[in-house]
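1. The sequence and its predicted three-dimensional model are supplied below.
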Amino acid sequence: MIRFAIALLVGMLVFIDVAPALAQSEARIEVAQETRRRTLFDLLFGEPEAAPPPPVQQRQQPRQRAPAATASLPPSKPEVEKASDATRLAVFGDSLAIDLSKALERFYAEDPNLVVINQGVSSSGFVRDDYFDWDKAITEQIAADSFDVAVVIIGINDRQEITVDGNRYAPLTEPWNVAYQARIAEFLGKLRAARKPVVWIGLPPMSKTEYSAAISQISNIQRLASFSGGAEYLDIYERFVGEDGKYSSHGPDVNGQNARMRKDDGIHFSSAGSDKLAFYLSQTIRTFYRGSGVSIAVADPLLGTDAAAMLRPPYQGLGQIRLLEVAGAVIPISRVPARAGDLLTAAGMPATAPPFTLEQLVTAPLGRVDAFGLGVDADADGAANANGR
């Protein structure tokens, strides 16, 4: 009974309390997702704690990918600013001179006291002065004082007819050789008169045999003209041949590694070949340039001697005049050399001494150059004669 009475009392209280709540809930209009109806359980035990709002999911920003690394060359060496009074090295010639100029720019890139001036003209030479007149060009450059030292490499276009006073001469004939050497001599004469040091570079071997032979003859003419014109001649032929002494497209570079020295045409230098040529040229340029200007010795070493009266080009400086070459050691192969006796200048000696006899050679005194190991000891013979032998 007691339990029944308690249950009845609780039920009445619930009804009294729930009725107004039900009336109020009917008048309330809310969004279903945001409201929750009260139940008998809520009245007896209290409303449960509100559930925490669902966590707001933040949209993740798309991850930015780092740009893919690209291959690149290492940074180049900073170009050294050239001094205002830097030595001006001008390279004259044909397309070989153009390639050499680029190599010299690389070689002297970090030297502030030397600047390279490219004066190469493709397809030019000393034969076709109607196409490009080097004599006129060098006159203009000297007048403008545009350089301090001249480097010349030219000739690969000169195996063709030369015209002089309306006369045409076939390549490498005797009249052609004379005319060609005269043009080089005139070119060098103007440089010598302007006191400009000159380095003339010989031509390398070529891939085609016939063409290479012609270029070698042209280079020999240039060599003789350089000697008589007071230029420093740089022979590079042996630097660009193979073990057999002939043309080779490959060879050791400046680091001693085997590399391609020539281009596919068998005429021009590759970049490695041009760099190698620039290295050898730099050794010759040291004759004039030592890092701060050009030095030219003007003293004549033969002044005051008998040789000073010899017919010879003016002395220009260190490495310019070689006494043996000036004295006639360089002579044509076809010319018969003079006898050794003709070079003697002792007083009283006839201009043309008779040839030595076999008896004179055999009885020549010991120590004389013509004794040939069979000479006679003059002192021993004198002592023997004194003793009555």
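-> Sure thing, it's come through.

2. what about the closest residue to Arg223 other than its chain neighbours, distance to Gln283?
-> Among residues not flanking Arg223 along the chain, Tyr233 sits closest, at 5.5 Å (CB to CB, 6 or more residues apart in numbering). All C-beta spots, glycine's among them, are computed from the backbone N, C-alpha and C. With distances taken as CB to CB, to the nearest Å, Tyr233 is found 14 Å from Gln283.

3. before we move on, the earlier item: in which helix or strand does the residue nearest to Arg223 reside?
-> strand 232-234 (DSSP states H and E).

4. next one: Tyr280
-> Counting by DSSP H and E, Tyr280 is part of helix 271-285.

5. helices and strands around that helix, which ones?
-> For helix 271-285, the elements it packs on are helix 95-107, strand 149-153, strand 198-201, strand 232-234, strand 258-260, judged by 3 or more CB pairs under 8 Å, 6 or more residues apart in numbering; DSSP states H and E.

6. how about JSON lines for those, with mean neighbour count, mean pLDDT and distance to Tyr180 added?
-> As requested, the helices and strands packed on helix 271-285 are exported to JSON lines (neighbours: other CB atoms under 10 Å; pLDDT from 0 to 100; distance: least, CB to CB, whole Å):
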{"stretch": "helix 95-107", "mean neighbour count": "21", "mean pLDDT": "96", "distance to Tyr180": "17"}
{"stretch": "strand 149-153", "mean neighbour count": "26", "mean pLDDT": "97", "distance to Tyr180": "14"}
{"stretch": "strand 198-201", "mean neighbour count": "24", "mean pLDDT": "96", "distance to Tyr180": "14"}
{"stretch": "strand 232-234", "mean neighbour count": "21", "mean pLDDT": "93", "distance to Tyr180": "16"}
{"stretch": "strand 258-260", "mean neighbour count": "14", "mean pLDDT": "95", "distance to Tyr180": "32"}
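
7. Tabulate those (JSON lines), appending distance to Leu191.
-> Supplementary listing: the helices and strands packed on helix 271-285 in JSON lines, determined by distance: least, CB to CB, whole Å:
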{"stretch": "helix 95-107", "distance to Leu191": "15"}
{"stretch": "strand 149-153", "distance to Leu191": "6"}
{"stretch": "strand 198-201", "distance to Leu191": "5"}
{"stretch": "strand 232-234", "distance to Leu191": "12"}
{"stretch": "strand 258-260", "distance to Leu191": "34"}
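
8. nearest to Arg88, of the ones you listed?
-> strand 149-153 (7.4 Å; CB to CB).

9. for the protein, what spans make up the helices?
-> Assigned by DSSP state H, the helices in the chain fall at 2-27, 40-45, 95-107, 134-144, 174-193, 209-228, 271-285, 323-327, 358-362, 378-386.

10. ok, of these, where does mean pLDDT dip lowest?
-> Among the helices of the chain, helix 323-327 carries the lowest mean pLDDT, at a mean of 40.

11. In contact with Gly166, which residues are there?
-> By CB atoms under 8 Å, 6 or more residues apart in numbering, Gly166 lies in contact with nothing.

12. Phe92 versus the residue lying closest to Thr139 once chain neighbours are set aside, what's the distance?
-> Excluding its sequence neighbours, the residue lying closest to Thr139 (CB to CB, 6+ apart) is Lys190, at 6.1 Å. According to CB to CB, Lys190 and Phe92 sit 12 Å apart.

13. who touches both of the two?
-> Counting by CB under 8 Å, 6+ apart, the contacts common to Lys190 and Phe92 are Ile138.

14. which one of these two has more residues nearby?
-> Comparing Lys190 with Phe92 by other CB atoms under 10 Å, the one with more neighbours is Phe92, at 26 against 15.

15. wait, doesn't Thr87 sit right on Asp148?
-> Yes: Thr87 lies in contact with Asp148 (CB atoms under 8 Å); the separation is 5.1 Å.

16. the more surrounded of these two?
-> Using other CB under 10 Å as the criterion, Thr87 and Asp148 rank with Thr87 on top: 23 against 19.

17. check contacts around the residue nearest to Lys82 when sequence neighbours are not counted.
-> Residue nearest to Lys82 in three dimensions, not counting chain neighbours: Val115, with 4.8 Å by CB to CB, 6+ apart. With contact set as CB under 8 Å, 6+ apart, Val115 has these partners: Lys82, Ala86, Thr87, Arg88, Leu89, Tyr108.

18. Angles on the backbone of Asn113, please.
-> Dihedral pair for Asn113: phi -100, psi 10, per degrees, to the nearest 10.

19. same check, this time on the one 10 residues further on
-> Geometry field for Ser123 lists phi and psi as phi 70, psi 10, criterion degrees, to the nearest 10.
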